[in-house]
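**Q** Pasted the sequence and its predicted model underneath.
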Amino acid sequence: AAVAAVAGQRLVKHKLRTSLPGVEGPRVVGTADLALPETDLLVRAFYPTSLEALPEVHLRDRMLPGASHADRKEYALGYARYLGLSEALFWRPLSFLGAARMAAASDADVHCADAPLPVLIFSHGLGCTRTTYSTLCAEAASHGFVVFALEHSDGSAVLSVRPDGRTVRYVKESEAVEDTKNMEEMQAFRRRQLASRVSEVTKLVEVIRALNDGVLKVSSQSGREVNWKGALNLEKMNVAGHSFGAATALQAAFGTDLRFDACLALDAWMFPLPDETFDRAKKSAHLGGSCAPRVFFINNERFQWNTNLEKIARFAQRDEVTLRDATHQTQSDVLAMLPAFLQRRFGLDGGLGDPLAALRLSNRLSIAFLQNTLHTQLRLLAERDHQLAQLARADYLSASVGDGDVLAKLVH
């Protein structure tokens with residue numbers, strides 16, 4: 001049995017990728033895990049640098065979070081528990097997976113020549129961390145955005161080693177409610193988590209303002225001071241998330257008094273959102289102008305269902321695209337890293353011939369939306385990349401029906 005286990009570990013490690021996909025933007029990306037013990041916030045920043053090329057591989061940042069080997073082992077064990085795998089047998093292969101390097105330089109200086117830079121706050125989904133969407137976050141940074149990716153402390157992360165050293169484990173539904181079939185209990189549980197998540201977004205906005213004003217000095221987890229004074233465009237604050245993170249982004253954008261330029265909802269899970277948020281979204285749409293943030297839903301076909309889509313439709317002033325045959329993890333780094341046999345083992349394969357193509361398409365559309373060039377990008381997509389266009393369906397494009405028709409003619 002021991003020999004078989006070792007052989008299995010070697011097979012998994014052999015099949016895993018050793019690096020995340022590169023970026024398409026013009027800037028070399030830097031990353032820094034920010035130490036913010038006063039606020040209990042845990043954040044990884046992705047940002048454009050003035051470097052002309054990426055450093056050697058060993059100087060690039062890892063996918064798995066953690067300032068030490070012990071922390072990274074804790075995260076690997078957390079992933080094993082979440083996936084229902086043997087911790088003893090699988091933490092090493094998962095650590096190997098987490099050692100994959102991303103297309104980003106660790107602790108590089110921020111490129112301030114183009115300052116002030118637009119800001120994007122990113123919220124992760126269930127069973128994820130601040131680094132699970134590194135490909136998307138790095139892509140945004142390569143196009144000039146400063147991305148602050150939160151790791152939430154509400155028990156929705158696969159595991160979270162907090163700034164004060166506490167370890168917060170993933171909270172299963174069966175641990176939080178007596179009857180998991182009772183939708184009222186379940187919704188109350190998720191809304192408590194949602195409130196915690198949004199409070200962290202609110203605190204992060206305050207931190208970002210303090211960083212930009214120069215009244216708050218922060219260091220990365222490696223101890224290097226990071227200078228953000230005057231680098232951030234507070235008038236171009238955006239919020240995004242995947243799944244539960246998308247619900248968090250929508251709640252922050254429409255359920256609070258925070259002001260965001262745009263809200264990006266990736267395969268949104270609408271269940272936790274209270275009715276008041278939909279009412280406020282409807283009211284802001286009626287008011288129009290600067291009161292309403294732009295909102296874009298990118299749906300993955302294999303995850304969405306009628307009730308969820310009906311709730312999405314309550315955001316009348318929206319853009320919406322569906323990725324054909326895509327699974328729920330398409331926007332994360334998971335499909336970019338796991339070999340096909342493990343995707344099938346965990347039910348993550350969506351029949352996509354190339355999951356990286358779906359990730360690339362989702363990222364291109366996301367960046368185009370944040371840059372307010374979505375409809376132009378859809379036209380270019382329809383004209384230049386028939387293969388990628390076939391992966392998408394334009395459901396609802398509020399600004400121009402014509403662009404939707406252009407894409408639809410290619411994909412229907």
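**A** Yes, it's here.
**Q** Need the single longest strand in this structure, by residues.
**A** Counting by DSSP state E, the longest strand found in the chain is strand 232-242.
**Q** helices or strands up against it?
**A** strand 117-123, helix 183-213, helix 244-254, strand 262-266, helix 355-370 (3 or more Cβ pairs under 8 Å, 6 or more residues apart in numbering; DSSP states H and E). All C-beta spots, glycine's among them, are computed from the backbone N, C-alpha and C.
**Q** backbone phi and psi for residue 52, please?
**A** With angles defined as degrees, to the nearest 10, residue 52 sits at phi -90, psi -20.
**Q** Ignore what I typed, I meant residue 47.
**A** phi -160, psi 160.
**Q** nearest spatial neighbour of it, skipping sequence neighbours?
**A** With sequence-adjacent residues excluded and distances taken as Cβ to Cβ, 6 or more residues apart in numbering, residue 47 is closest to residue 146, at 4.5 Å.
**Q** Can you tell me the centre-most residue of this structure?
**A** By Cα atoms, centre = their mean, the mean C-alpha position of the chain lies nearest to residue 133, the distance being 4.4 Å.
**Q** quick revisit: now the helices and strands packed on strand 232-242 in a markdown table, with mean pLDDT, distance to residue 51 and mean neighbour count?
**A** Shown next, in a markdown table, are the helices and strands packed on strand 232-242 (pLDDT from 0 to 100; distance: least, Cβ to Cβ, whole Å; neighbours: other Cβ atoms under 10 Å):
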| stretch | mean pLDDT | distance to residue 51 | mean neighbour count |
| --- | --- | --- | --- |
| strand 117-123 | 97 | 16 | 26 |
| helix 183-213 | 97 | 21 | 18 |
| helix 244-254 | 98 | 29 | 29 |
| strand 262-266 | 97 | 27 | 27 |
| helix 355-370 | 90 | 20 | 22 |
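**Q** mind putting these in CSV, distance to residue 156 included?
**A** Output for these, formatted as CSV (distance: least, Cβ to Cβ, whole Å):
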stretch, distance to residue 156
strand 117-123, 10
helix 183-213, 6
helix 244-254, 6
strand 262-266, 16
helix 355-370, 22
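**Q** Scan the helices and strands of this structure for the one with the lowest mean pLDDT.
**A** When each helix and strand of the chain is scored by mean pLDDT, DSSP states H and E, helix 401-411 comes last, with a mean of 39.
**Q** Look at residue 325 and report its pLDDT.
**A** pLDDT recorded at residue 325 is 82.
**Q** Can you tell me the element it falls in?
**A** For residue 325, there is no host helix or strand (DSSP states H and E).
**Q** If you tally nearby residues, what's the number for it?
**A** For residue 325, the neighbour count with other Cβ atoms under 10 Å is 16.
**Q** Same check on the one 3 residues further on?
**A** Each residue near residue 328 was counted by other Cβ under 10 Å, and the total is 21.
**Q** Quick check: closest non-adjacent residue to it.
**A** Nearest residue to residue 328, sequence neighbours excluded (Cβ to Cβ, 6+ apart): residue 303, at 4.1 Å.
**Q** tell me the phi and psi of that neighbour?
**A** Dihedral angles (degrees, to the nearest 10) for residue 303: phi -100, psi -40.
**Q** Might one say that it is in contact with residue 327?
**A** Yes. Under the contact definition of Cβ atoms under 8 Å, residue 303 touches residue 327, with a separation of 6.7 Å.
**Q** For those two, indicate the residue with more neighbours.
**A** Using other Cβ under 10 Å, the more surrounded residue of residue 303 and residue 327 is residue 327, with 22 against 18.
**Q** show me what contacts the residue nearest to residue 47?
**A** Counting by Cβ atoms under 8 Å, 6 or more residues apart in numbering, residue 146 touches 45, 46, 47, 48, 110, 117, 118, 119, 120, 228, 231, 232.
**Q** of all those residues, which comes closest to residue 57?
**A** Nearest to residue 57 among those is residue 46, at 17.9 Å by Cβ to Cβ.
**Q** so how far is residue 142 from that closest one?
**A** With distances taken as Cβ to Cβ, to the nearest Å, residue 46 is found 9 Å from residue 142.
**Q** which of the two has more neighbours?
**A** Using other Cβ under 10 Å as the criterion, residue 46 and residue 142 rank with residue 46 on top: 29 against 23.
**Q** Spit out the residues that contact residue 46 and residue 142 alike.
**A** Taking Cβ under 8 Å, 6+ apart as the criterion, residue 46 and residue 142 both touch residue 29.
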